[in-house]
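A.B. asks: attaching a predicted model along with its sequence, questions to come.
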Amino acid sequence: MIDMTVVDLSRLQFAATAMYHFLFVPLTLGLSFLMAIMESVYVMTGREIWRRMTLYWGTLFGINFAMGVATGIVMEFQFGMNWSYYSHYVGDVFGAPLAIEGLMAFFLEATFIGLFFFGWDRLSRVGHLCVTWLVALGANFSALWILIANGWMQNPVGARFNPDTMRMEITDFMAVVFNPVAQAKFVHTVSAGYVTGAMFVMSVSAWFLLTGRHADLAKRSMAVAASFGLASALSVVVLGDESGYTTTEHQKMKLAAMEAMWHTEPAPAGFTLFAIPGDGENSFQVQVPYALGLIATRSISGEIPGILDLVELAGTRIRNGLVAYRALQDIRADGSDRAARQTFEATWKDLGYALLLKRYREDVTQASPEEITQAALDTVPGVAPLFWSFRLMVVCGLYMIVFFAAAFVLASRHRLGESRPLLWIALLSLPTPWIAIEAGWFLAEYGRQPWVVEGVLPTFYAASDLTLTDLSISLAFFLTLYTALAIVMVILMLKVIKAGPSQTSLLGRAAGGSPAIPQGAAARPEHR
């Protein structure tokens with residue numbers, strides 16, 4: 001029997017490292033493009049203040065990038081350490097985009113980031129600008145391939161189970177790459193990263209203005225961030241709608257759970273603004289009629305199934321999966337059994353549902369009706385956590401649209417630095433995008449449970465055969481290490497922020513120790 005405590009600790013360890021790692025990824029995405037925009041203005045105008053802005057925000061980008069790399073590498077090792085059967089079962093599919101990410105995107109970003117910091121006096125202005133844009137593109141390409149891998153876990157297309165190798169194998173790589181779930185997740189995630197970068201620049205710049213320091217740099221930075229942030233925040237909402245639509249198509253249980261929709265409603269279903277989710281029923285709820293049906297199905301006739309109806313469907317798929325499981329056993333006993341192969345070919349897509357029964361007995365073919373019913377109920381993720389995390393994400397997203405819209409209006413009137421209330425709001429709003437992003441990732445990953453690969457491999461079946469002692473030690477080690485890294489990260493970031501921009505910043509120096517000021521820059525007024 002499977003020790004669920006070991007599985008839960010494995011999940012906790014991966015969740016802790018993943019959510020900690022994703023504190024750095026969105027800021028990397030956002031700052032990389034803001035740096036590229038600022039340096040583009042510098043190249044077009046020749047004004048030294050824009051070079052200083054690029055260097056300053058680039059220094060903060062570099063610290064954040066280093067932390068992202070350190071925490072991201074640990075995550076990849078955990079696939080083999082904590083999730084060895086997952087690596088065996090779907091490694092042929094999942095490993096391909098991860099390998100491409102390293103070869104195509106990470107190396108690109110890591111190579112050119114060195115040229116960004118130390119190439120100011122060695123490259124022409126246009127050459128260095130190209131380097132900065134390549135850093136930004138590398139960061140986004142890296143996110144693309146990671147999200148293709150994650151999108152496949154949400155919607156496993158372009159692959160099939162091979163009964164001879166007992167592994168999932170790619171049959172259509174282009175289907176994996178252009179997976180609609182992966183593409184929707186990519187554009188939604190990178191847009192959220194742009195919002196994070198914009199909010200970070202707004203908050204730090206607001207602190208400069210509130211303390212009366214570096215006003216020229218802060219006002220220009222806020223003007224760029226307000227425009228970039230508003231466009232990005234609007235994009236998050238639009239692209240989030242597309243992500244929700246793909247969830248309706250491919251992850252119906254997740255959608256029903258995050259809406260606490262226990263019963264199938266007549267089309268178009270209403271959107272629940274507020275509810276107190278219960279077990280089978282909500283004790284109280286407030287709905288907007290028709291809204292969910294129109295958003296999720298983009299029609300007035302599309303039906304959204306409720307949780308209890310989806311549980312019945314899961315029971316049917318479990319029974320069909322048992323047929324596939326028996327056929328697989330026959331194939332393993334006699335590889336030339338054509339009848340078994342034909343049966344397996346017709347039913348293999350439900351094999352994962354039969355594996356849900358492994359939680360209750362080793363020989364799933366002997367499962368009782370009660371065990372099948374319980375396994376079907378296991379396909380329901382935690383409704384209340386999903387319901388509230390989705391609403392927390394939405395509220396934060398709407399708030400940031402309003403905030404950036406107000407900042408954009410003031411910036412267009414050249415009054416952004418004069419509104420102290422907005423400056424205080426900008427400073428206090430710093431955590432908002434991270435709250436929304438972490439809530440969104442919780443929704444995406446927790447909402448997929450009990451699957452590590454939707455409909456293919458149950459989470460508990462993917463875990464390594466570790467002991468409780470093994471996991472307790474490794475979990476304590478990672479939590480201690482990451483806490484120490486977090487302290488170092490905060491100290492470094494605060495040190496750079498408090499010091500403010502400087503023309504003699506270490507990262508702006510040339511190899512000989514002199515400031516990396518382009519020829520002729522000293523003759524130009526600094527504050528133009």
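C.D. replies: Now that the structure is in, tell me what you want to look at. Residues are numbered from 1 along each chain as shown.
A.B. asks: element containing Ser283?
C.D. replies: Secondary structure assigned from DSSP states H and E places Ser283 in strand 282-288.
A.B. asks: repeat that for Arg160.
C.D. replies: With secondary structure defined by DSSP H and E, Arg160 is part of strand 159-162.
A.B. asks: picking up where we left off before, return the list of strands paired to the strand holding Ser283, each annotated with direction.
C.D. replies: Strand 282-288 has the following sheet partners, assigned by DSSP bridges: strand 271-277 (antiparallel).
A.B. asks: in the partner strand, what counts as buried?
C.D. replies: Going by neighbour count (16 or more other C-beta atoms under 10 Å), the buried part of strand 271-277 is Phe271, Thr272, Ala275, Pro277. Every C-beta, even on glycine, is put in place using the N, C-alpha and C of the backbone.
A.B. asks: mind listing what Ala257 touches?
C.D. replies: Ile307, Val380, Pro381, Gly382, Val383, Leu386, Phe387, Gly447 (C-beta atoms under 8 Å, 6 or more residues apart in numbering).
A.B. asks: how much space separates the second one from Arg359?
C.D. replies: Separation of Val380 from Arg359 (C-beta to C-beta, to the nearest Å) stands at 14 Å.
A.B. asks: and if you look at the first one?
C.D. replies: Using C-beta to C-beta, one gets 20 Å for the distance from Ile307 to Arg359.
A.B. asks: the two: which is more packed in?
C.D. replies: The residue with more neighbours, out of Ile307 and Arg359, is Ile307; 23 against 19, by other C-beta atoms under 10 Å.
A.B. asks: for the stretch 51-200 of the chain, which segments count as strands?
C.D. replies: Taking DSSP state E, counting those that start in this stretch to define them, one finds strands in the stretch 51-200 of the chain at 159-162, 167-170.
A.B. asks: mind giving me the packing neighbours of the last one?
C.D. replies: For strand 167-170, the helices and strands in contact under the criterion 3 or more C-beta pairs under 8 Å, 6 or more residues apart in numbering; DSSP states H and E are helix 84-100, strand 159-162.
A.B. asks: dump the ones you listed into a markdown table; add mean pLDDT, mean neighbour count and distance to Gln329 as well.
C.D. replies: A markdown table is the format used below for those (pLDDT from 0 to 100; neighbours: other C-beta atoms under 10 Å; distance: least, C-beta to C-beta, whole Å):
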| stretch | mean pLDDT | mean neighbour count | distance to Gln329 |
| --- | --- | --- | --- |
| helix 84-100 | 92 | 18 | 17 |
| strand 159-162 | 96 | 18 | 14 |
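A.B. asks: using a markdown table, lay out these together with distance to Pro289.
C.D. replies: As requested, the helices and strands packed on strand 167-170 are arranged in a markdown table below (distance: least, C-beta to C-beta, whole Å):
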| stretch | distance to Pro289 |
| --- | --- |
| helix 84-100 | 41 |
| strand 159-162 | 40 |
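A.B. asks: where does pLDDT dip in the protein?
C.D. replies: Counting by pLDDT under 70, the chain contains low-confidence residues at 1, 502-528.
A.B. asks: break it into its domains for me.
C.D. replies: Here the domain parsing of the chain from automatic domain parsing is 4-251+381-513, 307-377.
A.B. asks: of those, which is nearest Asn282?
C.D. replies: Of all the domains of the chain, the one in closest proximity to Asn282, counting by C-beta to C-beta, is domain 4-251+381-513 (9.0 Å).
A.B. asks: residues making contact with stretch 479-496?
C.D. replies: Ala16, Thr17, Tyr20, Thr59, Leu60, Ile63, Asn64, Met67, Ala70, Thr71.
A.B. asks: in it, which residues are buried?
C.D. replies: Neighbour-count burial for stretch 479-496, with 16+ other C-beta under 10 Å as criterion, is recorded at Tyr482, Met489, Leu492, Met493, Val496.
A.B. asks: swap in stretch 296-316?
C.D. replies: Counting neighbours by 16+ other C-beta under 10 Å, stretch 296-316 gives Ala296, Thr297, Ile304, Pro305, Gly306, Ile307, Leu308, Asp309, Leu310, Val311, Ala314, Gly315 as buried.
A.B. asks: helices of the stretch 251-400 of the chain, start to end?
C.D. replies: Listed in chain order, the helices of the stretch 251-400 of the chain (DSSP state H, counting those that start in this stretch) span 252-258, 291-297, 307-333, 338-347, 351-355, 369-377, 383-412.
A.B. asks: how about residues contacting the fourth one?
C.D. replies: Counting by C-beta under 8 Å, 6+ apart, helix 338-347 makes contact with Pro163, Asn320, Gly321, Val323, Ala324, Ala327, Leu328, Asp330, Ile331, Asp334, all of which sit outside it.
A.B. asks: the same query, at a cut-off of 10 Å, please.
C.D. replies: 160-161, 163-164, 317, 320-335, 337, 351, 354 (C-beta atoms under 10 Å, 6 or more residues apart in numbering).
A.B. asks: ditto for the second one
C.D. replies: Identification of contacts with helix 291-297 by C-beta under 10 Å, 6+ apart yields 241, 244-245, 247-249, 252, 255, 259, 261, 265-273, 288, 299-304.
A.B. asks: rewinding a little: pull out the buried residues from the contacts of helix 338-347.
C.D. replies: By neighbour count, with 16+ other C-beta under 10 Å, these hold 161, 163, 317, 320-328, 330-331, 351, 354 as buried.
A.B. asks: for those, which one is nearest Val224?
C.D. replies: Taking C-beta to C-beta as the measure, Val224 sits nearest to Phe161 out of the buried ones among the contacts of helix 338-347, at 49.9 Å.
A.B. asks: who's that closest one bridged to?
C.D. replies: Partner residues in beta bridges with Phe161: Met168, with DSSP bridges as the criterion.
A.B. asks: roughly how far apart are it and Val90?
C.D. replies: In this structure, Phe161 lies at 10 Å from Val90, with C-beta to C-beta as the measure.
A.B. asks: all helices for the stretch 101-250 of the chain, in order.
C.D. replies: Taking DSSP H, counting those that start in this stretch as the criterion, the stretch 101-250 of the chain contains helices spanning 107-118, 125-154, 173-177, 180-210, 215-250.
A.B. asks: how are the strands of the stretch 401-528 of the chain distributed by residue range?
C.D. replies: According to DSSP E, counting those that start in this stretch, the strands that the stretch 401-528 of the chain contains are 451-453, 457-458.
A.B. asks: just put the ones you listed in a markdown table and tack on mean neighbour count.
C.D. replies: As requested, these are exported to a markdown table (neighbours: other C-beta atoms under 10 Å):
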| stretch | mean neighbour count |
| --- | --- |
| strand 451-453 | 24 |
| strand 457-458 | 24 |
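A.B. asks: make JSON lines out of those and add distance to Ala215.
C.D. replies: JSON lines is the format used below for those (distance: least, C-beta to C-beta, whole Å):
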{"stretch": "strand 451-453", "distance to Ala215": "51"}
{"stretch": "strand 457-458", "distance to Ala215": "56"}
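A.B. asks: give me every residue that touches the closest residue to Tyr325 other than its chain neighbours.
C.D. replies: Take Tyr325 and drop its neighbours on the chain: the residue closest to it by C-beta to C-beta, 6 or more residues apart in numbering is Ala354, 4.4 Å away. Ala354 makes contact with 317-326, 328, 347, 364-365, 367, 372, 375, 458 under the criterion C-beta under 10 Å, 6+ apart.
A.B. asks: now swap in Glu438 and tell me
C.D. replies: Applying C-beta under 10 Å, 6+ apart, one finds that Glu438 lies in contact with Met19, Tyr20, Phe22, Leu23, Pro26, Ser389, Leu392, Met393, Pro431.
A.B. asks: how close does it get to Ile2?
C.D. replies: The spacing between Glu438 and Ile2, counted by C-beta to C-beta, is 29 Å.
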